[in-house]
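**Q** Sequence isn't available, so here's the structure alone:
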Ligand code: EPU
């Protein structure tokens, strides 16, 4: 059977930064079998390839000179159910937010704080997505993937995934060595109601709601919609940089000059700093040139107002990194993958 590989395919609608670029070749896989088939295709022996999920954590710098493999493996299935937990297997090409809504509707708790995070389920373990006091690692039980070298299917348990802040084994030892095909989540039947994040408590009060998976989900949707631009209207990929982790010694030094520095405890010796605050202090919040800039409600988000190129955004990000380093002696690094 010949495989429908499309030549010169536009990626404009497949990346939330809304960058115009083409892939030399494009192929969409919907099943494990079709993924295996394409991986054995002769084209993949000569051309480089790149797996595209929801396109929400990438910045495309140029046309992609290779094969873009679009992941559309679907399916949400309950595989185990007892008094306390429900185990759910989810195809990696499912949309993350739709999966969150599916859980909330079934009153399954664990991912409601992660509502409205753009992207696919398969991307969630890679950078251990997180927001409002929760991370994907809190509910992921195991991750299934294809090992690109042996072309065999493998599985890692939660602890084997080596999760940490915005990172996992998939960003380290397994980077570019596998394609995630399925994620298994262990969800709670008793609501967790994680309202540790102040913004959630205030939003629940404003909504006059008691904490529940549904109300927390609604609160997160409201908060995110106020702070973060809708990629349908303004191209962006959420937080562009990771929040840097610095020594408490350095924090003390900066705090002497900036008592209001936004920081969170990371370990006994280190603290996490809000990169949005650093970027705002460096004077970039609301910056705009031509069609690229820094969002005016959250400085951690770089935006494409229309026809910005990937390279313009990359240049802007470098200038921001440079000026934050000049002002605070802190290096910030992108969480977005630059292709
Ligand atoms: N802040 C500023 N100026 C800004 C932005 C932020 O001063 O322009 C300060 C504010 O004091 C604010 C604090 O920084 O209270 C923290 O900001 P926010 O609550 O927006 O969180 P964040 O640390 O900037 C992280 C995640 C977000 C996630 C939120 C909520 C990272 C890199 N980003 O942002 O994730 O939604 O926490 O938990 O960890 C994403 O990854 O795409 C993303 C949006």
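**A** Received, thanks. Small disclaimer: the values here were computed from a predicted structure and weren't measured. Numbering: from 1, shown residues only.

**Q** Using the three-state scheme, assign residue 51.
**A** Here residue 51 is recorded as strand under DSSP: H, G, I helix; E, B strand; the rest coil.

**Q** residue contacts, it?
**A** Residues near residue 51 by Cβ atoms under 8 Å, 6 or more residues apart in numbering: 69-71, 179. For the C-beta atoms, the positions are set from N, CA and C on the backbone; glycine is no exception.

**Q** In space, what's closest to it - neighbours in sequence excluded?
**A** Spatial nearest neighbour of residue 51, chain neighbours left out: residue 69 (4.9 Å); criterion: Cβ to Cβ, 6 or more residues apart in numbering.

**Q** secondary structure element for the one you found?
**A** If you go by DSSP states H and E, residue 69 is part of strand 64-71.

**Q** Which elements pack onto that strand?
**A** Contacts defined by 3 or more Cβ pairs under 8 Å, 6 or more residues apart in numbering; DSSP states H and E place strand 64-71 against strand 22-29, helix 32-39, strand 48-52.

**Q** sorry, back to before: nearest to the ligand among the contacts of residue 51?
**A** residue 71 (19.3 Å; Cβ to the nearest ligand atom).

**Q** Next one: the nearest residue to that closest one once chain neighbours are set aside from residue 296, what distance?
**A** Excluding the flanking residues, the one nearest residue 71 by Cβ to Cβ, 6+ apart is residue 93, at 4.3 Å. Computed as Cβ to Cβ, to the nearest Å, the residue 93 to residue 296 distance reads 33 Å.

**Q** who's more crowded, these two?
**A** Between residue 93 and residue 296, counting by other Cβ atoms under 10 Å, residue 93 is the more crowded of the two (24 against 13).

**Q** what residues does the protein put near the ligand?
**A** Listed as neighbours of the ligand in the chain under the rule Cβ under 6 Å from any ligand atom: 131-132, 227-228, 238-239, 242-243, 262, 274, 276-277, 280, 285, 298-300, 335.

**Q** returning to that earlier point: so the residue nearest to residue 71 sits right up against residue 74, yeah?
**A** Yes: at 5.7 Å, residue 93 and residue 74 qualify as touching, with contact defined as Cβ atoms under 8 Å.

**Q** intersection of neighbour lists for these two?
**A** By Cβ under 8 Å, 6+ apart, the residues touching both residue 93 and residue 74 are residue 30.

**Q** give me every residue that touches the nearest residue to residue 49 once chain neighbours are set aside.
**A** Closest residue to residue 49 apart from its sequence neighbours, by Cβ to Cβ, 6+ apart: residue 67 at 4.4 Å. Neighbouring residues of residue 67 by Cβ under 8 Å, 6+ apart: 5, 23-27, 38, 43-44, 47-50.

**Q** One more pass at 6 Å, please.
**A** Going by Cβ atoms under 6 Å, 6 or more residues apart in numbering, residue 67 touches 25, 47, 49.

**Q** repeat for residue 69
**A** 27, 49, 51.

**Q** Tell me how far it lies from residue 52.
**A** 7 Å.

**Q** which residues sit against the helix or strand that contains residue 313?
**A** Using DSSP H and E, residue 313 sits within helix 310-328. Outside helix 310-328, the residues that touch it by Cβ under 6 Å, 6+ apart are 19, 59-61, 278-279, 282, 284, 292, 302, 330-332.

**Q** Let me have those in JSON lines, extended by pLDDT and secondary structure.
**A** JSON lines is the format used below for those (pLDDT from 0 to 100; DSSP: H, G, I helix; E, B strand; the rest coil):
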{"residue": "19", "pLDDT": "96", "secondary structure": "coil"}
{"residue": "59", "pLDDT": "96", "secondary structure": "strand"}
{"residue": "60", "pLDDT": "95", "secondary structure": "coil"}
{"residue": "61", "pLDDT": "93", "secondary structure": "coil"}
{"residue": "278", "pLDDT": "98", "secondary structure": "helix"}
{"residue": "279", "pLDDT": "98", "secondary structure": "helix"}
{"residue": "282", "pLDDT": "98", "secondary structure": "coil"}
{"residue": "284", "pLDDT": "98", "secondary structure": "coil"}
{"residue": "292", "pLDDT": "98", "secondary structure": "strand"}
{"residue": "302", "pLDDT": "98", "secondary structure": "strand"}
{"residue": "330", "pLDDT": "97", "secondary structure": "coil"}
{"residue": "331", "pLDDT": "98", "secondary structure": "coil"}
{"residue": "332", "pLDDT": "98", "secondary structure": "coil"}
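
**Q** Any regions of this protein where pLDDT drops low?
**A** Where the chain drops to pLDDT under 70, the residues are 1-3.

**Q** what about the strands in the stretch 201-339 of the chain?
**A** Counting by DSSP state E, counting those that start in this stretch, one finds strands in the stretch 201-339 of the chain at the ranges 235-236, 245-247, 263-265, 270-273, 288-289, 292-294, 302-304, 337-338.
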